[in-house]
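Colleague: below are the sequence and a predicted model for it; my questions follow.
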Amino acid sequence: MEPGIDMVDTVLECAGTAGQQDIPRPGNLHGEDAVWQETNCYMDLWIELLYRWRLDPRAALAFTVTQDFEGDHFTFFKYPSADLEQLYGTVVQEMAIYDTLEAHVAEQVGRGHAVLVEVDSYYLPDTRATAYRRGHVKTTIAVESIDPALQRLTYFHNVGRYTAEGDDYRGLLRLEPELRDNALLLFPYAECVKRVRAPLEGRALSNAAAAQMRMHLDRLPDVNPVTRWREVFDAHVRTALARGDAYFHHYGFNLPRQLGANFEMLSHGLTWLGEHGYRVPPSIIASAASMATECKVLQFRLARAVARGRADACGECLDTLESAYTHVTQGLLNSFGRASTAHA
């Protein structure tokens, strides 16, 4: 144990445990059977927040059809604020930070809101296997409760709900003198999540979710993103081989993981639409899910290539992904159409 770290200052609670056992988790998006149990920090905390509020996070997943290849990464997918507001009555707005972060978080949480804030994983006890007290890595958490007197807060991050106290609390909120008095540190980006009206239910919810699907199908990429990826894939592999494991760790997160996790979420969203009366051919759901598993295979193959120092073109994986993407998007256009066509 490192000096000055009180390991009993933290309480870890996995998703669905420690007081959350009675909360329904339809679809169990972070379940042990998930291909990509973690997607990205922002998406994962929203999934857990919605479950906490007894809402189904699958209803708002239509936006995942818009993911594109951005040249050096796949779109970092996250719930659009407008979709969250329409379906769940939840408004997300940027916070003005000018006082201590602790003061602002306490004020907003005290008003019944959740606060999403960028923090340093160095102080996050749930990252003990990776960054905790080892490295400084930016991530986003959702603060649910805070007690400044006890210096204790509960937060959502990745696939669970956790508690931080003592040194971790002071580090997260920049109360330690070396953080508080450092003029070179910029204020963190923070958002306030306000539940301003009741969420949609029943047919109103499913109709709105289907309308979101048609709207997002209007925003499909012009070219199959996998096709664009494979055009530069060999060059990417050469770079990964030259730069080694540390670089590949980031590459794996931002490309195969984001692509695979995104389409795994789409498969859950399509399952939800099917459960609520919309015709979604099973083959479309299966193809979206297959993209998740194939991205996992591709990532393993790339990791092996980096370890061995020998390139792997992953042609079979890219063939499967390219074909599955076409089947999914064309199938959805046939089933739902585009918003622009529907209102033409």
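Modeller: Thanks, I have it. Residues are numbered from 1 along each chain as shown.
Colleague: can you give me the helices in the stretch 151-300 of the chain?
Modeller: Taking DSSP state H, counting those that start in this stretch, the helices of the stretch 151-300 of the chain run over residues 166-172, 177-180, 202-217, 225-243, 245-252, 258-275, 282-308.
Colleague: so for the fourth one, what's the average pLDDT?
Modeller: The predicted model gives helix 225-243 an average pLDDT of 98.
Colleague: which elements pack onto that helix?
Modeller: Contact analysis of helix 225-243 by 3 or more CB pairs under 8 Å, 6 or more residues apart in numbering; DSSP states H and E lists helix 245-252, helix 258-275, helix 282-308, helix 315-336 as its packing neighbours. For glycine as for every other residue, the C-beta is placed from the backbone atoms N, C-alpha and C.
Colleague: deepest-packed of these, please.
Modeller: Among these, helix 258-275 has the highest mean neighbour count (mean count of other CB atoms under 10 Å), at a mean of 25.
Colleague: which strands or helices does it pack on?
Modeller: Using 3+ CB pairs under 8 Å, 6+ apart: helix 258-275 touches helix 202-217, helix 225-243, helix 282-308, helix 315-336.
Colleague: may I have the strand or helix carrying H104 as CSV, with CA atoms only?
Modeller: Using DSSP states H and E, H104 maps to helix 101-110. What follows is helix 101-110 as a C-alpha-only set of coordinates in CSV (Å, rounded to 0.1, in the frame of the first residue of the first chain):
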residue,chain,number,x,y,z
LEU,A,101,-16.0,22.4,-7.6
GLU,A,102,-17.3,21.1,-4.3
ALA,A,103,-19.5,24.2,-3.8
HIS,A,104,-21.0,23.9,-7.2
VAL,A,105,-21.6,20.1,-7.0
ALA,A,106,-23.2,20.5,-3.5
GLU,A,107,-25.5,23.2,-4.7
GLN,A,108,-26.8,21.3,-7.7
VAL,A,109,-27.1,17.9,-6.0
GLY,A,110,-28.9,19.7,-3.2
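Colleague: and after that helix, which helix or strand comes next?
Modeller: The first helix or strand that comes after helix 101-110 along the chain, using DSSP H and E, is strand 114-120.
Colleague: now do that next one, average pLDDT.
Modeller: Throughout strand 114-120, pLDDT has a mean value of 95.
Colleague: now swap in stretch 23-41 and tell me
Modeller: Across stretch 23-41, pLDDT averages out at 93.
Colleague: now that stretch: buried residues?
Modeller: Buried residues in stretch 23-41, counted by 16 or more other CB atoms under 10 Å: R25, P26, G27, L29, H30, A34, V35, W36, Q37, T39, N40, C41.
Colleague: alright, that wraps it up for me.
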